[in-house]
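**Student:** Take this sequence and fold it.
(one chain, ligands or ions: 2)
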Amino acid sequence: MLSVSDLSVGYKGLLAIQDVSFEVRSGEIVSLIGSNGAGKTTLLKTILGLIKPVKGEIRLNGQVISGLPAYEVVKKKIALVPEGRRLFPRLSVRDNLLLGAYTVESKAQIAESLDAVLRQFPWIKERADQLAGTLSGGEQQQVAIARGLMSRPELLMLDEPSLGVMPKLVTEIFSTVRHIAGEGVTVLLVEQNVFEALQICQRAYVLQTGRIVMEGTGSELSESDLVRKAYLGM
Ligand SMILES: Nc1ncnc2c1ncn2[C@@H]1O[C@H](COP(=O)(O)OP(=O)(O)O)[C@@H](O)[C@H]1O
Ligand SMILES: [Mg+2]
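**Tutor:** Ligands and ions are numbered 1, 2, ... in the order given. Predicted coordinates for the structure are as follows:
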């Protein structure tokens, strides 16, 4: 579904991503793990069209999308749940959700998406009129994920969804991700929470200072020396 080849991305001449190639197949959960500063967010922003790559190509279902502006990429059924959630704290939960459908023109379709999302997250339905800023971190993350689904993506990219979520609620975030994948949405999951990210994915890539240094199935990577030493503290 998504194929990234030889991608390099820089900020003012400094490369944050170097010759990165990977793919996400339809129906998979693929995890991209790496420490702070490895280039994970840069990679997701580049896929979404927010940053222009220095070189390389990004294809979605065979079609080149690198070079397209973000609003065009979103129309091609990719959504990003950004790092830090980025909800509007003084808007209601419902209005935050509706903003996730800003590229959808048909009002009927937006209403239908809202219905579908609220069916998927029944607790959100009960609190749709509450200001988003008054929810807990874990709840806000669920709303951010729900907002990502409002444009009915085929590929949902999640940037560190467990960050800033209370430890006991982290499991819930990951089970939400699993549930979404179960509904047929392909998932690209970026995480520093390596243990959980490797548990729920089919395949994973390790990003270190802008380069992919390892790839394999979730269990292959969980058992590898590099991952155990560098990310799992074993
Ligand atoms: N807007 C920016 N301008 C300059 N450098 C940046 C910018 N954003 C990120 N970087 C740098 O790019 C590298 C990768 O950052 P980032 O993609 O945010 O990593 P991660 O998401 O894995 O923590 C880091 O060295 C970071 O300092
Ligand atoms: Mg990041």
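**Student:** so what pLDDT did the closest residue to ligand 2 within the chain get?
**Tutor:** Distance from ligand 2 to each residue of the chain (Cβ to the ion) is smallest for Thr41, at 3.2 Å. Using the backbone N, CA and C atoms, a C-beta is placed for each residue, glycine as well. The model reports Thr41 with a pLDDT of 97.
**Student:** Give me the number of neighbouring residues for the closest residue to Leu99 other than its chain neighbours.
**Tutor:** Leaving aside its sequence neighbours, Leu99 sits nearest to Arg147 (Cβ to Cβ, 6 or more residues apart in numbering; 6.7 Å). Per other Cβ atoms under 10 Å, the neighbour tally for Arg147 reads 24.
**Student:** quick one: average pLDDT of the helix or strand hosting Arg147?
**Tutor:** Applying DSSP states H and E as the criterion places Arg147 in helix 137-149. Taken as a whole, helix 137-149 carries a mean pLDDT of 94.
**Student:** which strands and helices sit next to that helix?
**Tutor:** For helix 137-149, the packing partners by 3 or more Cβ pairs under 8 Å, 6 or more residues apart in numbering; DSSP states H and E come out as strand 78-81, helix 93-99, helix 107-120, helix 122-126, strand 155-159, helix 167-182.
**Student:** Flag every buried residue along whichever strand or helix holds Phe195.
**Tutor:** In this assignment (DSSP H and E), Phe195 forms part of helix 194-200. Within helix 194-200, the residues scored as buried using 16 or more other Cβ atoms under 10 Å are Val194, Glu196, Ala197, Leu198, Ile200.
**Student:** OK, contacts around the second one?
**Tutor:** Read that as Glu196. Contact analysis of Glu196 by Cβ atoms under 8 Å, 6 or more residues apart in numbering lists Ser162, Val170, Thr171, Phe174.
**Student:** Is stretch 197-216 positioned near ligand 2?
**Tutor:** No. For a cut-off given as Cβ under 5 Å from the ion, stretch 197-216 has no contacts with ligand 2; the smallest distance is 10.5 Å.
**Student:** Put the alpha carbons of that stretch into CSV.
**Tutor:** Taking C-alpha atoms only, stretch 197-216 is exported to CSV below (Å, rounded to 0.1, in the frame of the first residue of the first chain):
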residue,chain,number,x,y,z
ALA,A,197,4.8,-1.6,19.6
LEU,A,198,6.5,-4.9,18.8
GLN,A,199,3.8,-6.9,20.4
ILE,A,200,0.9,-5.6,18.3
CYS,A,201,2.7,-5.3,14.9
GLN,A,202,3.2,-7.8,12.1
ARG,A,203,6.5,-6.2,11.0
ALA,A,204,8.7,-3.5,12.3
TYR,A,205,11.6,-1.3,11.4
VAL,A,206,14.2,0.3,13.7
LEU,A,207,15.2,3.9,12.9
GLN,A,208,18.5,5.2,14.4
THR,A,209,19.7,8.7,13.6
GLY,A,210,17.8,8.9,10.3
ARG,A,211,18.6,5.4,9.0
ILE,A,212,16.8,2.1,9.1
VAL,A,213,19.2,-0.3,10.8
MET,A,214,16.9,-3.3,11.2
GLU,A,215,13.7,-4.8,10.0
GLY,A,216,11.8,-8.0,10.8
